[in-house]
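Enquirer: Here's my sequence, what's the structure:
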Amino acid sequence: MVFVYQMIKTHFYEDWNQFHISCFNLRNASTTPHPEDYGCENAENQFLVRNVGNDESVVSSLIDDFNGLHDKGYEQVLGLRDVYGEKYKDQYGSSMNIADINDFMTSMQATIQSCVGSKDLSLHFAIMEVETWLLAIADNHVFQDIDSRLTDDWIKDKANVNMDEDMQNILYHPYVALKKILESVGKSYDKHWDDIKNIVYKLNKDDFEVLLYSGKCNSYRLFYESVFK
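Expert: Sure, this is the predicted structure:
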């Protein structure tokens, strides 16, 4: 949720009166932190970002809630989930074969496309996790902002991650890599609100666009272009 919120917010930041974004959690809404609403409530561009609680609920939530959201005036309804997870591991183990990944994604996307109104409904995947995108985008300056020791050489030595590679093609469980990188300088990362916020809130519009045009993380490019088409 926080990554998507910041991506949208920074995209419109200089024209804050042209958009409005609100976020909420479908589970534990009163106790789970989330970003505050931002922008102009009466703006033409309205975005709603929802956290459904876990990846395995994304498809069912898209289908169940599509008509209601469409009736409220939302022209597009997009879902985003990680490829990595229990369902993927059960079917494909630790495979990073592109055919296996595509098969996993295609089966879920076919379910979405069979729905009435599917032209306004789409499902996207972070390959293998959204941490892939965080790693790729943080290489721009964020790691250095967190701790000056986090050079490419340091990261290679401590976490065995080559920052020049396309993370989407080499990391099966990117969460583990990001956790190792941050723990190497005494920071924590456990997918908690503060952990993610401390990275994502350092990102600006240029950061998101640098990754967009980098030729890396194609799954990110597809999602970004769908959000702002």
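
Enquirer: Any idea how many residues pack against the spatially closest residue to residue 147 that is not a sequence neighbour?
Expert: In space, residue 147 comes closest to residue 185 once its chain neighbours are excluded; the distance is 4.1 Å by C-beta to C-beta, 6 or more residues apart in numbering. (Glycine included, C-beta is placed from N, CA and C.) Here the count is done by other C-beta atoms under 10 Å, and residue 185 has 14 residues near it.

Enquirer: One more: residue 49?
Expert: Per other C-beta under 10 Å, the neighbour tally for residue 49 reads 19.

Enquirer: Now do the contacts for the residue nearest to residue 147.
Expert: 146, 147, 149, 150 (C-beta atoms under 8 Å, 6 or more residues apart in numbering).

Enquirer: Counting neighbours, which of those comes out on top?
Expert: residue 150 (23 neighbours).

Enquirer: Now do the strands for this protein: every range, in order, please.
Expert: 19-25, 38-39, 45-51, 77-82, 121-126 (DSSP state E).

Enquirer: Helices along this protein, start to end?
Expert: 2-12, 58-71, 86-92, 98-113, 130-138, 142-146, 152-159, 167-170, 174-183, 193-200, 205-212, 218-227 (DSSP state H).

Enquirer: Show me what the fifth one packs onto, helices and strands only.
Expert: Spelled out, it's helix 130-138. On a contact count with 3 or more C-beta pairs under 8 Å, 6 or more residues apart in numbering; DSSP states H and E, helix 130-138 meets helix 2-12, helix 167-170, helix 174-183, helix 193-200, helix 205-212, helix 218-227.

Enquirer: Burial-wise, tell me which of the helices of the chain comes out on top.
Expert: Across the helices of the chain, averaging neighbours per residue (mean count of other C-beta atoms under 10 Å) puts helix 130-138 on top, at a mean of 25.

Enquirer: Which one, of the helices of the chain, ends up nearest to residue 38?
Expert: With C-beta to C-beta, the closest approach to residue 38 among the helices of the chain belongs to helix 2-12: 5.6 Å.

Enquirer: so for that closest one, what's the average pLDDT?
Expert: Averaging pLDDT along helix 2-12 gives 95.

Enquirer: With stretch 185-196 instead?
Expert: 91.

Enquirer: and the closest residue to residue 182 other than its chain neighbours, how far is that from residue 218?
Expert: Nearest residue to residue 182, sequence neighbours excluded (C-beta to C-beta, 6+ apart): residue 189, at 4.6 Å. Distance, residue 189 to residue 218, by C-beta to C-beta, to the nearest Å: 24 Å.

Enquirer: residue ranges with poor pLDDT in the chain?
Expert: 27-32, 116-117 (pLDDT under 70).

Enquirer: what residue lies at the spatial centre of the chain?
Expert: Centroid-nearest residue in the chain, with C-alpha atoms, centre = their mean: residue 130, separated by 4.5 Å.
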